[in-house]
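# With the input below, show me the fold.
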Amino acid sequence: METVTTKKKRNHKRTSLSVSANVKGKEDKETSWSETTELINMSRSGAGFYLERKCEVGRLISLMIAMPPNLRCYDYDREMYSVFGLIQHCTPFSGEDKDEFHVGVAFIGKNAPPSYDKNPLQSYRIAGMNHDNTWRIVEAKADFIARKHPRHRVSLEAFLSTVDGNNDLISDEKAATEDISLSGTAIFSSLPVDVGDSVNFDCVAYNFSAKAIVRNRQEAAADVDELPKLHLEFIDSAFPVEQILFPDGKKIFVEDEN
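Prediction:
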């Protein structure tokens with residue numbers, strides 16, 4: 001097996017910390033690659049970091065991380081935390097010394113599904129969350145098609161509201177995003193709106209306000225205790241995603257979930 005190795009340098013309280021990780025991926029059944037990097041953000045459910053190689057969204061990679069025990073979902077006493085991650089986004093970034101890619105992964109647990117061993121290039125998508133705070137995945141029917149604006153999986157507190165023709169408040173509520181991009185968000189909300197309705201979206205943490213159109217509404221399954229999910233398109237503003245990707249240069253920020 002050929003191995004290519006290179007070395008290089010959320011509504012939660014964030015703390016500066018330096019944590020390294022060894023990231024491994026497969027190009028096919030016979031060829032693998034490996035890079036050592038430093039995480040720039042992490043939580044129990046995912047992490048962000050820079051790589052020299054482009055990764056395909058929807059693919060799986062494995063990570064060995066010197067993860068603090070309070071952010072682990074298992075193996076609390078082991079020196080290194082072994083976890084598989086589903087690529088959520090891979091964004092080109094021009095650094096001081098070289099061009100890199102900012103990669104975000106959602107942790108799916110210690111083991112990959114059997115289909116990964118049969119085809120390491122299989123694409124997957126998130127289908128919910130497991131009881132141990134890792135993400136549940138299923139096989140995607142087709143490879144991921146890159147969006148015009150990449151989505152970043154992050155839970156942000158936001159306020160949604162609707163108004164009438166006189167700009168008087170009709171309904172409002174606090175909600176939490178599933179992901180967000182420059183042009184829109186997927187957000188869990190029970191606000192009584194339908195496809196085509198307009199809402200006001202406010203995120204105080206990032207000093208962002210926008211009018212948005214409901215492009216889709218997904219009701220949760222009857223046996224799942226979740227709110228409906230609204231897919232919103234911002235129509236008059238662009239969300240400052242760079243503040244999520246680069247909150248303080250290249251320092252790592254840990255989401256304190258205690």
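# Surely Val193 is in contact with Thr162?
Yes: taking contacts as Cβ atoms under 8 Å, Val193 lies within contact range of Thr162: 6.4 Å. Yep, even glycine has a C-beta here, placed from its N, CA and C like the rest.
# which of these two has more neighbours?
Neighbours per residue (other Cβ atoms under 10 Å) separate Val193 from Thr162, with Val193 holding more: 20 against 17.
# give the contact list for the more buried one.
Thr162, Val199, Val214, Arg217, Leu230 (Cβ atoms under 8 Å, 6 or more residues apart in numbering).
# ditto for Ala210
Asn200, Phe201, Phe234, Ile235, Asp236, Ser237, Phe239.
# Can you get me a residue count around Asp59?
To be clear, residue 59 is Arg; Asp isn't right here. Considering only other Cβ under 10 Å, Arg59 is surrounded by 22 other residues.
# Check Met64 too.
Neighbour count for Met64, taken as other Cβ under 10 Å: 17.
# Sticking with it, tell me its helix or strand.
Taking DSSP states H and E as the criterion, Met64 maps to strand 60-65.
# That strand pairs with which strands?
strand 20-26 (antiparallel), strand 81-94 (antiparallel) (DSSP bridges).
# So for the first one, what gets flagged as buried?
The one in question is strand 20-26. Ala21, Asn22, Val23, Gly25, Lys26 (16 or more other Cβ atoms under 10 Å).
# and which of those residues is nearest Glu38?
Ala21 (7.3 Å; Cβ to Cβ).
# Could you check how far that closest one is from Val103?
Remark: distance between Ala21 and Val103 (Cβ to Cβ, to the nearest Å) = 11 Å.
# what's the overlap in contacts for the two?
By Cβ under 8 Å, 6+ apart, the residues touching both Ala21 and Val103 are Phe49.
# Any stretches of the protein with poor pLDDT?
Counting by pLDDT under 70, the chain has low-confidence residues at 1-17, 94-98, 142-149, 222-225, 245-258.
# Give the residues shared as contacts by Val193 and Thr162.
Val199.
# Closest to the centroid, which residue in this protein?
Arg153 (2.5 Å; Cα atoms, centre = their mean).
# quick one: which of the buried residues of strand 20-26 is nearest to Ala47?
Ala21 (7.4 Å).
# beta partners of the closest one?
Thr37, Ile65.
# who's in contact with it?
Counting by Cβ under 8 Å, 6+ apart, Ala21 has contacts Thr36, Thr37, Glu38, Leu39, Ala47, Phe49, Leu63, Met64, Ile65, Ala66.
# Going by distance to Val83, which of these wins?
Leu63 (5.5 Å).
# about what we covered before: of the contacts of Ala210, grab the buried ones for PyMOL.
Buried residues within the contacts of Ala210, by 16+ other Cβ under 10 Å, are selected in PyMOL with:
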select buried, resi 200+201+234+239
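# Could you dump the contacts of Ala210 into a markdown table and include secondary structure and distance to Phe208?
Below are the contacts of Ala210 laid out as a markdown table (DSSP: H, G, I helix; E, B strand; the rest coil; distance: Cβ to Cβ, whole Å):
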| residue | secondary structure | distance to Phe208 |
| --- | --- | --- |
| Asn200 | strand | 11 |
| Phe201 | strand | 8 |
| Phe234 | strand | 9 |
| Ile235 | coil | 14 |
| Asp236 | coil | 11 |
| Ser237 | coil | 7 |
| Phe239 | coil | 6 |
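# Perfect, that will be all.
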